[in-house]
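>>> Let me see the structure of the following:
(2 chains)
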Amino acid sequence: MAFAYTPGLRVADRTMVRKERRLPLSGETLVKEGDTVTAETVVARTELPGNVQMLNISNILGLPPGDIPELLHVEEGAEIGEGQILGQSKGLFGLFKNTVRSPIRGVFESYNRITGQAVLREPPIPVEIDAYLRGTVTGVLRNEGVIVESVATFVQGIFGIGGETRGELKTLTSGPDQELTEDLIDESCRDRILLGGSFVSFATLNKAIRNGVRAIIVGGFDDKDLKEFLGYDLGVAITGHEKKGITLILTEGFGRMDMARETFELLRSREGMLASVNGATQIRAGVMRPEVVIPVEGEESERSSEKQAGAMDIGSRVRCIRAPYFGRLGTVAALPAELQVLDSEARVRVLDVKFEDGKTVTVPRANVELIEE
Amino acid sequence: MASKEITRIMATDCGSTTTKAILIEKKDGEYRLIRRGEAPTTVEAPAEDVTKGVLNAVGEIEDLEGRKFLKPGEEGVQVSPDSSDGVDIYMSTSSAGGGLQMTVAGVVKTMTGESAQRAALGAGAIVMDVVASNDGRLPHEKVADIRRLRPDMVLLSGGIDGGTIDHVVELAEIIKAADPKPRFGVGYKLPVIYAGNKDAREAVKNELGGQVELKIVDNLRPVLEKENLGPARDIIHELFMEHVMAQAPGYPKLMKWAGHYVDGQWTQVPIMPTPGAVGKLIETVAKNEGIEVMGVDIGGATTDVFSVFNVGEQETIFNRTVSANLGMSYSVSNVLASTGFDNVMRWVPFHMDEADLRNRIRNKMIRPTTIPQLLKELIVEQAIAREALRLALVQHKELATGLKGVAQERTIGDAFEQTQTGGTHVNMMTLDLLIGSGGVLSHAPRRSQAALMLIDSFLPEGVTMLAVDSIFMMPQLGVLSEVHPQAATEVFDKDCLIRLGTCVAPSGENRKASVLAEVSYTAPDGSTVELPVQRGDMKVMPLGVGQKVEAVIRPAKNLDVGAGPGSEWRGMLEGGVVGIIFDGRGRQPFALPEDDGRRIEKLQEWSMAMDIYPERFISLKEGE
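Residues are numbered from 1 along each chain as shown, chains lettered A, B, ... in the order given. The predicted model follows:
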């Protein structure tokens, strides 16, 4: 009954990818339904309100808040320059006047007669969003953004860091089991998205950044390196906002892990094509996984393979996702109904897995994921 | 009220990782747990329908019982009007989809901000952020944070009645500017509750009305000296059902399934947020037995702590906190990040490479449903659990406090005993019962493991009964207690609560004494037991469930076991599945040996004394 299942990672040859491109605040959309866009096309634009500075004018002039309005030299809503006089006291017989000047350029937004505070706002910050992938605009969210669709090769990773980027795909390792090492990276990797095999080290990652690599897709990475790379220990798995000059996508997990052959071969077959990638990951409700999207010509095919929940039978292909057999592939040899005692003394539902070398082991059902082919 | 003929009850709890179903039946005049089933929760892709997990969990009970409880075509749980088939009532709790996630706002962070936080937590929510006028962030940063967190609901408070209006309106402006979009469902407005200064209602309405689903209730802090959290909590429950749950994948269906027939009429039973249900049960236990109780529920994403302590002669106070980012799967990496590698490793009785430990923990985070197969992995997980529990208690102590900012009247008698306002209500010495719940505690292969995890993390002082929720069913019993209190109480006593035994731990500073306390009692077989509690030792004396002995405990100078420093304690010690645990490792202060070799030696010694692992754990080494 209760099947173990994967987080539902998708690996699709040709599928319809639909992306909502939304502004953080309402603004204007720059394209219309039916338009063809490239990844770089700016599809919507807005201005984020500038930072706010509070200035207590009453304190500075040493007068009660209620006396200030008649001493102000600017009106609410007026544009102001840095150093501009905002208000001045009358002084004594016209002498010894106190002056208050604006510390910023921006707008004099408001003055509060009760607290004596003025709100000054810095100039707005322009924000633009692009289409992210080549495709067609299939919907416009009024004042908020657009929907872009494209038939594409689509691969979800298990964990990533860094945000959206794009570039030509370049394969650097001979297979899914080879480590992406420093010596494989050179000037030809500039602006590319690199496909590696089983592992990338901190040193290699740094060399990639120095060589202007946009992103790396690889099987595994050490958490210790992640801490060093980020400069802090990542607590909750909410990523994507890191500004490290590169996007990293792990397809398997932490440690040295061969990339699933199916994933590697699919990406290798797209060598030289333009890919859009995003490392943003959220492992919580409403889970978000990192992705690689490679728009392709032609129609969506039925041949998209998805690893997802399904019935597990004798002969089903599975991958172990926890020690002591992490990463090993095999087929289900038995599905005993009764609970069994593990090395940890826990009594759980198990299954027998026969590995490719012929060896059969017993593992908890929760510790395998189904590979549908 | 429930009708008398209810004899078969099905209840489910949809957690963030697992959906648990229990079957309760009335047999020989009493309600008992008959069967339990579980299945992965299916609120996420690919299923995206919570009812699939419910069907699977109930289906497991069907398989094990050899009876049918689902409607034909799996169209829900079979609830019959006449006890002919299926069950008589079906109900559910839920924390799936991350539970109820809220952002709260108040003018002063430690005053109305904190009151708003307590209101939301008490209603069963996870508070993701407390926005306050004085929280140190610039307005645009607050806007960005609200938008990024995508709360399910916002609670806006601020100002006592007749107090500040400007600041409250300023907060409303920020919420308006943020215009956060709900996580589930696109076509509905975000619920915002206003429970602040009544004089600011119109201004808040002008600011937010139309843009959000605004509900206005009584001020939750009408005067500085008093909180009035009831109306805000009620409306949170109501909105949770109407808006948040109704949008989550599969919930509209689940809400229709839950209910029973009263006088032939179908009556729905509302789905409760899981923590709200557990809190209800803890409160009931404390009230029924007249004792101080703490409960902790450690889940995959969050850890909830509940407490009921006496304040003054007659009054008790209930508190609940959620540590939103302390848990054993989704949040496991955050436990490591919050406490540090050394703090986790101090509980591991063997050496381990840091890089290896880190990768193991991260892989658990990215594949949260996996379980430890090897003993070594179990030990590591239990070490992490100790730290998650410890940190959750620290957070609970910080929030389970009196009201801050209240002027206190002092008499001359108080001059020597100056207490600050807002001190914690948590007192580990007066605590009577500590209940642990959640997978890592309830499903620990040995009950003694749960006992030691609770002791190590909560450090109970004096005499404290320890218990665990046998199979993690407090949420279902919490919701059942609303509909059928008798069934809930009977199952709780007989099948849910496993009494582990009493922990005796002398507390206080005395560096010289090698014996922290002398204990004497007459064992059930008539023999006299004289037992010294040696410094640095742990000892377990067998005493079964329900057995009690009358004991005298004489602590060493300055040490306290409940009757005051150096004072003799007399009372009943109750047994349990583990026995009576005498903990001589000290409290206030408690410290582990700093030397690595010595620490491992002591951990192994205590593990052996408590019989928590098979003996082969001593030979476990790095890299296996």
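
>>> what about residue B:205, which helix or strand?
Using DSSP states H and E, residue B:205 sits within helix B:201-208.

>>> by contact count, what packs against the next helix or strand after that helix?
Later in the chain than helix B:201-208, the nearest helix or strand by DSSP H and E is strand B:213-216. On a contact count with 3 or more CB pairs under 8 Å, 6 or more residues apart in numbering or on different chains; DSSP states H and E, strand B:213-216 meets strand B:191-194, helix B:201-208, helix B:230-239. For glycine as for every other residue, the C-beta is placed from the backbone atoms N, C-alpha and C.

>>> avg pLDDT for the first one?
Pointing back at strand B:191-194 there. Strand B:191-194 shows a mean pLDDT of 94.

>>> Paired strands for it, with orientation please.
Applying DSSP bridges, strand B:191-194 is found paired with strand B:153-156 (parallel), strand B:213-216 (parallel).

>>> Residue A:16 pairs with what?
On the basis of DSSP bridges, residue A:16 is bridged to residue A:151.

>>> For burial, what's the neighbour tally of it?
For residue A:16, the count of nearby residues is 15 (other CB atoms under 10 Å in any protein chain shown).

>>> Tell me where the stretch 451-600 of chain B has helices.
B:474-483, B:485-491, B:596-610 (DSSP state H, counting those that start in this stretch).

>>> got a list of contacts for the last one?
Counting by CB atoms under 8 Å, 6 or more residues apart in numbering or on different chains, the neighbours of helix B:596-610 from elsewhere in the structure are B:346-351, B:448, B:451-452, B:536-540, B:578, B:581, B:585, B:592-593, B:613, B:615, B:617-618.

>>> likewise the second one?
Under the criterion CB under 8 Å, 6+ apart, residues B:6, B:9, B:24, B:26, B:30-33, B:281, B:284, B:288, B:473, B:477-478, B:480-481 lie in contact with helix B:485-491.

>>> Which one of the residues you listed is nearest to residue B:77?
Closest to residue B:77 out of these is residue B:9 (10.6 Å), distances taken as CB to CB.

>>> Would you format the helices and strands packed on strand B:213-216 as a markdown table with distance to residue B:164 and mean neighbour count included?
A markdown table is the format used below for these (distance: least, CB to CB, whole Å; neighbours: other CB atoms under 10 Å in any protein chain shown):
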| stretch | distance to residue B:164 | mean neighbour count |
| --- | --- | --- |
| strand B:191-194 | 14 | 27 |
| helix B:201-208 | 11 | 17 |
| helix B:230-239 | 19 | 20 |
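
>>> one step back: does anything pack onto the helix holding residue B:205? Which helices or strands?
Applying 3+ CB pairs under 8 Å, 6+ apart, one finds that helix B:201-208 contacts helix B:166-178, strand B:191-194, strand B:213-216.

>>> For the residue nearest to residue B:203 when sequence neighbours are not counted, give its distance to chain A.
What sits nearest to residue B:203 in space, not counting adjacent residues and going by CB to CB, 6 or more residues apart in numbering or on different chains, is residue B:169, at 4.9 Å. According to CB to the nearest CB, to the nearest Å, residue B:169 and chain A sit 11 Å apart.

>>> For residue B:7, see how far away residue B:169 is.
Distance, residue B:169 to residue B:7, by CB to CB, to the nearest Å: 56 Å.

>>> which one of the two has more residues nearby?
It is residue B:169, of residue B:169 and residue B:7, that has more neighbours when counted by other CB under 10 Å, with 19 against 15.

>>> which secondary element of chain A has the worst mean pLDDT?
strand A:305-306 (a mean of 44; mean pLDDT, DSSP states H and E).

>>> Tell me how the chain divides into domains.
You didn't say which chain, so I picked chain A. Using automatic domain parsing, the domain ranges for chain A come out as A:52-121, A:158-289, A:317-371.

>>> that's the wrong chain, I wanted chain B
Following automatic domain parsing, one gets these domains for chain B: B:1-97, B:99-247, B:279-324+B:428-619.

>>> Having no further points to raise, I will conclude here.
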